[in-house]
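Engineer: below: sequence and its predicted model.
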Amino acid sequence: MTEAKRIKILNVEDSELDRMALERTVRDKGLPYDVDHASTLARARELLAKQRYDAVLIDYRMPDGTGLELLKEINNIPSIFVTGSGDEIVAVKAMKGGAYDYIIKDPAAVYLEFLPTTIEKVLGVYNLEQERKRTVETLHRAYTQLARYKTELEEAYNKLKESEERLVQSTKMASLGEMGAGIAHELNSPLAGILSLAEVLMKRIGKENLNYSFLERIADAAIRSKNIISDLLTYSQPTTNEFKPLCINETIKSTLTLFVSERKTSPLEIKEELEARLPPVLGNKGQLMEVFSNILRNARDALDSNGTITIRTKPIREEKGDFVVAEITDMGPGIPDEIRDRLFDPFFTTKEKGGGLNIGLGLSICRSIVKAHGGRIEVESTKGKSSTFRVILPAAGEFQGISG
């Protein structure tokens, strides 16, 4: 047979006769108890500090205090309060103070006959409580984990939904691009005819004719329309990784042609400070137009379509070689410090429907495009004054126009 588990008991009792009576009961009945005795509260505290007990028997009247004092100090150990006859009120206080049960002494020590049953019941209750606590803790951990999973799933769902919306929008834009490219091709032929007829008529009537200036305006408008259509075709063509030497100034002007047409009659002012002598850069015109267009739209939104945007270009020389810089500055409210480091994060946006701040999801794409061109984007902003986005691209080939 398996030997019964030994139960470690601390008996806090000042009466030597009662201690001996407990030892005799344990021995005669063969109870699986290992009993330590403490004749004072001080000794009980020493023993409790040294080792772990399964149960504590506490007498009420002790030489250096009452058992109620020790009861307050016992944590997480089931205790049985032992009182003399007539101390039922004290026993009730002990139960309220945390005792699991109580036993009333009698002169003939008959109470010891019920002690094993009381200890078994108390330990059973204690074990059930501990199991309940462990179950509650496990459930709490599981609930916390489920709540975290729920939050993560909601975030993943929202990102998936945003991606789906952007995919649908991209599909729509691709369809619009194809349709726009078809319309642009169709428009080119009549525009070419209008331009040719205007030039023929201008040659026939000569500059002295009063109608010459009207024909000149028709020719200029036809040329401008052709340029807009050409830029629109470049912008709407499917993105490729084909890089060619190009002039940043021309790319910016092509972007502005579309941007100015887009903003129509808004009071927005655009200042161009383009350096005439720039080295070419190796790039994809359509992709770079997308970068500048996105930054310009952000600047326009920052100004609420009313203010000044300044565009500057210049060559610079760094340790790694020659570079071309394009700066777009708006005199808007600036970018808050708390979001500046997140401007280029995917899925990050502060724009809201019908308003909001002026940093869109397109900036992460802009950074990817510029990085693919071997360049970088820098941002400077002064709260309440201005914001500057700086696109820095490596120059193509040798360029001797930069001093120092």
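Structural biologist: Done, it's in.
Engineer: test my guess that Phe323 contacts Lys314.
Structural biologist: No - when contacts are counted by CB atoms under 8 Å, Phe323 is not listed as touching Lys314 (9.5 Å). Bear in mind the C-beta positions are built from the backbone N, C-alpha and C, glycine included.
Engineer: give me the more crowded residue out of the two.
Structural biologist: Phe323 (21 against 16; other CB atoms under 10 Å).
Engineer: what's near enough to touch the more buried one?
Structural biologist: Residues near Phe323 by CB atoms under 8 Å, 6 or more residues apart in numbering: 315-317, 375, 392-395.
Engineer: restricted to buried residues, select those in ChimeraX.
Structural biologist: Selection command for ChimeraX covering only the buried members of those, criterion 16 or more other CB atoms under 10 Å:
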select :315,375,392,393,394,395
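Engineer: now for the contacts of Phe323, which pair is the farthest apart?
Structural biologist: Arg317 and Gly375 (14.8 Å; CB to CB).
Engineer: need the contact partners of the one helix or strand Met95 maps to.
Structural biologist: Here Met95 is covered by helix 88-96, with elements defined by DSSP states H and E. Counting contacts by CB under 8 Å, 6+ apart, the residues outside helix 88-96 that touch it are 58, 60, 67-68, 71, 81, 83, 101-102, 104.
Engineer: and that helix, how far out from the chain's middle?
Structural biologist: 55 Å (CA atoms, centre = their mean, to the nearest Å).
Engineer: so which residues of the stretch 201-350 of the chain form helices?
Structural biologist: When secondary structure is read from DSSP state H, counting those that start in this stretch, the stretch 201-350 of the chain shows helices at 212-236, 248-263, 285-302, 337-340.
Engineer: ok, so of the contacts of helix 88-96, who is nearest Ile369?
Structural biologist: Distances from Ile369 to the contacts of helix 88-96, taken as CB to CB, are shortest for Leu71 (74.4 Å).
Engineer: buried residues, the helix or strand encompassing the closest one. List them.
Structural biologist: Assigned by DSSP H and E, Leu71 belongs to helix 67-73. For helix 67-73, the neighbour count (16+ other CB under 10 Å) marks 67-68, 70-71 as buried.
Engineer: can I get those in CSV with pLDDT and distance to Ala38?
Structural biologist: Output for the buried residues of helix 67-73, formatted as CSV (pLDDT from 0 to 100; distance: CB to CB, whole Å):
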residue, pLDDT, distance to Ala38
Gly67, 88, 11
Leu68, 89, 16
Leu70, 91, 9
Leu71, 89, 14
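Engineer: okay, domains of this structure per the record?
Structural biologist: Domains of the chain are assigned by automatic domain parsing as 7-109, 244-404.
Engineer: what about Ile9, neighbour count?
Structural biologist: 21.
Engineer: identify the bridge partners of it.
Structural biologist: Per DSSP bridges, residues listed as beta-bridge partners of Ile9: Val35, Ala55.
Engineer: that one and Asn294, how far apart?
Structural biologist: Here the criterion is CB to CB, to the nearest Å. By it, Ile9 lies 78 Å from Asn294.
Engineer: deepest in the core, which of the helices of the stretch 201-350 of the chain is it.
Structural biologist: For those, the largest average neighbour count (mean count of other CB atoms under 10 Å) is found in helix 285-302, namely a mean of 22.
Engineer: helices or strands up against it?
Structural biologist: Helices and strands in packing contact with helix 285-302 are listed as helix 212-236, strand 244-246, helix 248-263, strand 308-318, strand 321-330, helix 362-372, strand 386-394; criterion 3 or more CB pairs under 8 Å, 6 or more residues apart in numbering; DSSP states H and E.
Engineer: check these for me: which has the lowest mean pLDDT.
Structural biologist: Summarising mean pLDDT across the helices and strands packed on helix 285-302, the least confident stretch is helix 212-236, with a mean of 75.
Engineer: phi first, then psi, for Ile80.
Structural biologist: Its backbone dihedrals place Ile80 at phi -120, psi 120, with angles given as degrees, to the nearest 10.
Engineer: per-residue confidence at the most far-flung residue of the chain relative to its centre?
Structural biologist: Ranking residues of the chain by C-alpha distance from their mean position (CA atoms, centre = their mean) puts Ala108 at the top, at 73.2 Å. The predicted structure scores Ala108 at 77 on the pLDDT scale.
Engineer: and stretch 28-47, C-alpha only, in PDB?
Structural biologist: Once non-C-alpha atoms are left out, stretch 28-47 reads as follows in PDB (Å, rounded to 0.1, in the frame of the first residue of the first chain):
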ATOM      1  CA  ASP A  28      -1.900   6.100  19.300                       C
ATOM      2  CA  LYS A  29      -4.000   6.700  16.100                       C
ATOM      3  CA  GLY A  30      -1.000   6.400  13.800                       C
ATOM      4  CA  LEU A  31      -1.800   9.800  12.200                       C
ATOM      5  CA  PRO A  32       0.500  10.900   9.300                       C
ATOM      6  CA  TYR A  33       1.300  14.100  11.100                       C
ATOM      7  CA  ASP A  34       4.700  15.700  11.700                       C
ATOM      8  CA  VAL A  35       4.100  18.200  14.500                       C
ATOM      9  CA  ASP A  36       6.300  21.000  15.700                       C
ATOM     10  CA  HIS A  37       5.400  22.800  18.900                       C
ATOM     11  CA  ALA A  38       5.700  26.500  19.800                       C
ATOM     12  CA  SER A  39       5.000  27.600  23.300                       C
ATOM     13  CA  THR A  40       5.100  31.300  22.500                       C
ATOM     14  CA  LEU A  41       4.100  33.500  19.600                       C
ATOM     15  CA  ALA A  42       7.700  34.600  19.100                       C
ATOM     16  CA  ARG A  43       8.800  30.900  18.700                       C
ATOM     17  CA  ALA A  44       5.900  30.300  16.300                       C
ATOM     18  CA  ARG A  45       7.000  33.300  14.200                       C
ATOM     19  CA  GLU A  46      10.600  31.900  14.000                       C
ATOM     20  CA  LEU A  47       9.300  28.500  12.900                       C
END
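Engineer: that'll do, ta.
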